[in-house]
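>>> Return atomic coordinates for the entry below.
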Amino acid sequence: MPIKIPDSLPATAILESENIFVMTEYRAMHQDIRPLNVLILNLMPTKEVTETQLLRKLSNTPLQIKVEFLQTASYTPQHVDSHHMESFYTTFEKVKNRWFDGMIITGAPLAFVPYEKVDYWEELCMIMEWSKTHVHSTLHICWGALAGLYYHYGVGTNAVYEKKLSGIYPNRVLKKSSPLFRGFDDIFMAPHSREVGILAEDVAKVPELELIADCDAGGPTILKSTDSKHFFVLCHLEYDSDTLKLEYERDLAKGLNPEVPCNYFPDDDPARRPVVNWRSAGQLLFSNWLNYYVYQTTPYDIGNRFEGK
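Numbering: from 1, shown residues only. The predicted structure is shown next:
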């Protein structure tokens, strides 16, 4: 699929080296089609890595997608070059009067911070409220999913694990008829990296929510709203082969004495190269969301959908 992103975005060269079709502004303008407009609110400290991971997953359909990156104005990232943010990111004030076919809200390393104490919580709530009337379908990932479940449905983060859930775990597809799982195996492997989660019994109390995949080790894994406007993914199917390795080494360097990620290194030996067994599920998840819940249901003039025309 052609993804339309700025030519100078660092991810562009990486994606092109992987034979992923990145479309220039000139060529996109001369195609007689409307691209899907997707906004990514990137809350991760590793901005450039997360950009590349998500763009790689969005590239696996024949659809043309125009991707824009959103940052919070109420919090300045500490681990990324300010020039990068100024060059490639916009703010809510600049997009609030526009409509988007899809939106992705990423995770953030905020597991034990009460939501109301998060520096940009008020702004995030404003964005999530705005998404109800300006975004056709939103995909929330990890902490972004926990925050979305709390804001939209009052589902609290009531599952605190004895140790960090870190590794590659088997997950069950609970709703095999869901188009989101078209092509999935009944059991799919996925990276998890979090200290907290939600309880299935809390989800069951909300009739507007469907639990569609779970995991013995971590409970609910993927949920959606019954109207398909919101998807909540608590695993990391966008992760690269070395993401958990880098997280493990980071925590080691901090003296946190982390456990070796489960089912990740062959023979649990950090000196050995991890074997990826989640890549196909990751491609399917993002492609199915884009195809069945964004492209096939969004109107040609997205603004008309919300203005009732």
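
>>> Show me what the strand ranked longest in the chain is in contact with.
Longest strand in the chain, counting residues (DSSP state E): strand 159-173. Outside strand 159-173, the residues within contact range by C-beta atoms under 8 Å, 6 or more residues apart in numbering are 181, 184-199, 212-219, 221-222, 235, 244, 247-248, 258-259, 261-264, 277-278. From N, CA and C alone the C-beta is placed, and that goes for glycine too.

>>> Give me the buried subset of those residues.
Of the members of these, the ones counted as buried by neighbours, 16 or more other C-beta atoms under 10 Å, are 181, 184, 188-198, 212-215, 217-219, 221-222, 235, 244, 247-248, 258, 261-264, 278.

>>> List the buried residues in stretch 88-106.
Taking 16+ other C-beta under 10 Å as the basis for neighbour counts, the residues of stretch 88-106 that come out buried are 88-89, 92, 95, 99-106.

>>> Filter those residues down to the ones in helices?
Where these overlap with helices, as defined by DSSP state H, the overlap consists of 88, 92, 95.

>>> Closest one of those residues to Leu110?
Ranked by distance to Leu110 (C-beta to C-beta), those are led by Phe92 at 18.8 Å.

>>> mind listing what that closest one touches?
70, 72-73, 123, 126-127, 130.

>>> Make CSV from those and add distance to Glu208 and neighbour count to it.
As requested, these are exported to CSV (distance: C-beta to C-beta, whole Å; neighbours: other C-beta atoms under 10 Å):
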residue, distance to Glu208, neighbour count
Leu70, 25, 21
Thr72, 27, 21
Ala73, 30, 13
Glu123, 24, 16
Met126, 21, 14
Ile127, 20, 22
Trp130, 19, 15
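
>>> for the stretch 1-150 of the chain, what spans make up the strands?
Per DSSP state E, counting those that start in this stretch, the stretch 1-150 of the chain has strands spanning 3-4, 22-23, 36-41, 65-70, 89-90, 100-105, 135-141. These are given in chain order.

>>> Now tabulate the ones in helices among the buried residues of stretch 88-106 in TSV and tack on distance to Tyr151 and pLDDT.
Written out in TSV, the entries for these read as follows (distance: C-beta to C-beta, whole Å; pLDDT from 0 to 100):
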residue	distance to Tyr151	pLDDT
Phe88	26	90
Phe92	15	96
Val95	19	97
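
>>> ok, so what distance separates Gly102 from Gly148?
According to C-beta to C-beta, to the nearest Å, Gly102 stands 14 Å off from Gly148.

>>> Check Pro274 too.
29 Å.

>>> Would you mind telling me which of these two has the busier surroundings?
Between Pro274 and Gly148, Gly148 has the larger neighbour count (other C-beta atoms under 10 Å), namely 24 against 19.

>>> Could you check how far that one is from Leu41?
Using C-beta to C-beta, we find Gly148 at a distance of 11 Å from Leu41.

>>> can you check Asp214 too?
Taking C-beta to C-beta as the measure, Asp214 and Leu41 are separated by 26 Å.

>>> ok, now Thr157?
Taking C-beta to C-beta as the criterion, Thr157 is separated from Leu41 by 19 Å.
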